[in-house]
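Engineer: Fold the following.
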Amino acid sequence: MKSLYLPALAAISLLFACQKNVNNPTTPIPEDGKKYAFHLDVSGVVRESSGNFARTVDSGLLQNATMLVYSAFDANTRALKRSIIKNSADPTFGQFNDSLPRGRYLVSVAAIKDTTYSTQSVDKWAVIFHYPGTDAFYQKMIVNIDSTVNENLVLERIVSKLVINAKGRIPYNARTVSIRPVTKDPSDINGVQGTLDYFTGAIPTRTANGAYQAWNYRVADSLNGKTGLVFNTYILNPSGSRVISLSITVADSVGRPIGGKTIYDIQLETNKVTSLTGFLFDSIPATGGLGVKVNSEWKKDSILVQF
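Structural biologist: Numbering: from 1, shown residues only. Got it, this is the predicted structure:
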């Protein structure tokens with residue numbers, strides 16, 4: 001998938017916009033019984049068209065997100081005041097017009113590429129990625145509302161990309177490849193968490209039903225008997241660095257395992273690609289093995305780990 005290009009100027013603008021609205025978090029702004037208009041545009045996603053708040057959807061947005069989730073929290077109590085969800089069919093996709101009482105708010109926006117893999121939490125405070133597999137972006141800012149406010153928000157990628165390159169001949173009876181992020185400790189019932197807190201922009205330590213489940217990839221009939229199977233997925237990683245293990249299982253048409261393994265201590269970095277290369281099907285040659293590489297498809301640095 002294409003990267004979301006974020007201009008440096010927009011990032012600088014966001015920095016100043018956030019700084020100018022930050023007050024002492026222990027000093028609430030009293031309400032005055034009125035509501036004020038709050039207009040938010042996702043920078044790099046929409047562009048000016050005509051009129052005061054008219055916009056046209058940038059084609060880059062449609063390549064990176066099909067759903068946007070806007071959340072407005074009381075910055076002092078963390079109470080959710082407003083939640084707005086828009087999909088890419090909405091002509092105002094990338095623009096949020098809200099009406100809020102006077103106060104100090106934390107506003108966040110999350111962008112999700114493929115909603116097949118996720119659901120919103122019941123109380124709307126988070127998104128739960130039940131399965132690995134979708135690109136995602138996020139950003140938050142503090143906003144003081146005491147008059148009409150217009151702001152721009154620059155979203156940042158919050159996932160790491162995994163590319164799995166399975167060497168060897170693909171069995172003729174291979175039908176599915178199942179992948180699941182797991183912890184190194186098999187007794188850890190919490191698993192690898194895939195939940196994003198809209199207020200903090202982080203992964204909660206423990207969330208009920210918030211761990212990743214297994215996702216099955218279909219092996220095309222045309223690949224059976226051939227050499228090499230390559231597929232990719234995405235893992236939530238807003239913190240910058242994360243270490244996980246990955247369970248990979250190859251099964252036949254009735255679900256019987258015919259290959260696979262668990263790969264431990266995989267280093268993930270936000271907005272970077274980690275490549276996993278190894279043998280899932282045939283015996284590993286003396287010169288073979290499993291290699292893990294974090295390369296620079298999205299950013300400049302490169303880390304190589306072999307074992």
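
Engineer: Now for I179, how many residues are close by?
Structural biologist: 24 (other CB atoms under 10 Å). From N, CA and C alone the C-beta is placed, and that goes for glycine too.

Engineer: name the helices or strands packed onto the helix or strand it falls within?
Structural biologist: Element membership for I179 (DSSP states H and E) is strand 176-182. Judged by 3 or more CB pairs under 8 Å, 6 or more residues apart in numbering; DSSP states H and E, the packing partners of strand 176-182 are strand 215-218, strand 227-236, strand 241-251, strand 257-269.

Engineer: repeat that for 10 Å
Structural biologist: Packing partners of strand 176-182 (3 or more CB pairs under 10 Å, 6 or more residues apart in numbering; DSSP states H and E): strand 159-169, strand 215-218, strand 227-236, strand 241-251, strand 257-269.

Engineer: Show me what counts as buried in the last one.
Structural biologist: Buried residues in strand 257-269, defined by neighbour count with 16 or more other CB atoms under 10 Å: G259, G260, I263, I266, Q267, L268, E269.

Engineer: Deepest in the core, which of the helices and strands packed on strand 176-182 is it.
Structural biologist: Burial of the helices and strands packed on strand 176-182 is given as mean neighbour count (mean count of other CB atoms under 10 Å); strand 159-169 ranks first at a mean of 20.

Engineer: Return the distance of that strand from the chain's centre.
Structural biologist: Strand 159-169 sits 19 Å away from the centroid of its parent chain (CA atoms, centre = their mean, to the nearest Å).

Engineer: Could you do stretch 237-248 as well?
Structural biologist: So, by CA atoms, centre = their mean, the centroid of stretch 237-248 is 12 Å from its chain's centroid.

Engineer: about what we covered before: now tabulate the helices and strands packed on strand 176-182 in JSON lines and tack on distance to I84.
Structural biologist: Below are the helices and strands packed on strand 176-182 laid out as JSON lines (distance: least, CB to CB, whole Å):
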{"stretch": "strand 159-169", "distance to I84": "23"}
{"stretch": "strand 215-218", "distance to I84": "29"}
{"stretch": "strand 227-236", "distance to I84": "22"}
{"stretch": "strand 241-251", "distance to I84": "29"}
{"stretch": "strand 257-269", "distance to I84": "30"}
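
Engineer: and the helix or strand that contains Q139, which strands flank it?
Structural biologist: Assigned by DSSP H and E, Q139 belongs to strand 136-145. Partners of strand 136-145 in the sheet, by DSSP bridges, are strand 103-112 (antiparallel), strand 156-157 (antiparallel).

Engineer: most neighbours per residue, which of these?
Structural biologist: strand 103-112 (a mean of 24).

Engineer: Please report the distance of the residue nearest to the spatial centre of the chain from G191.
Structural biologist: Centroid check for the chain by CA atoms, centre = their mean gives A136 as the closest residue, at 3.0 Å. As defined by CB to CB, to the nearest Å, A136 lies at a distance of 19 Å from G191.

Engineer: Ok, I263 next?
Structural biologist: I263 is 16 Å from G191, where distance means CB to CB.
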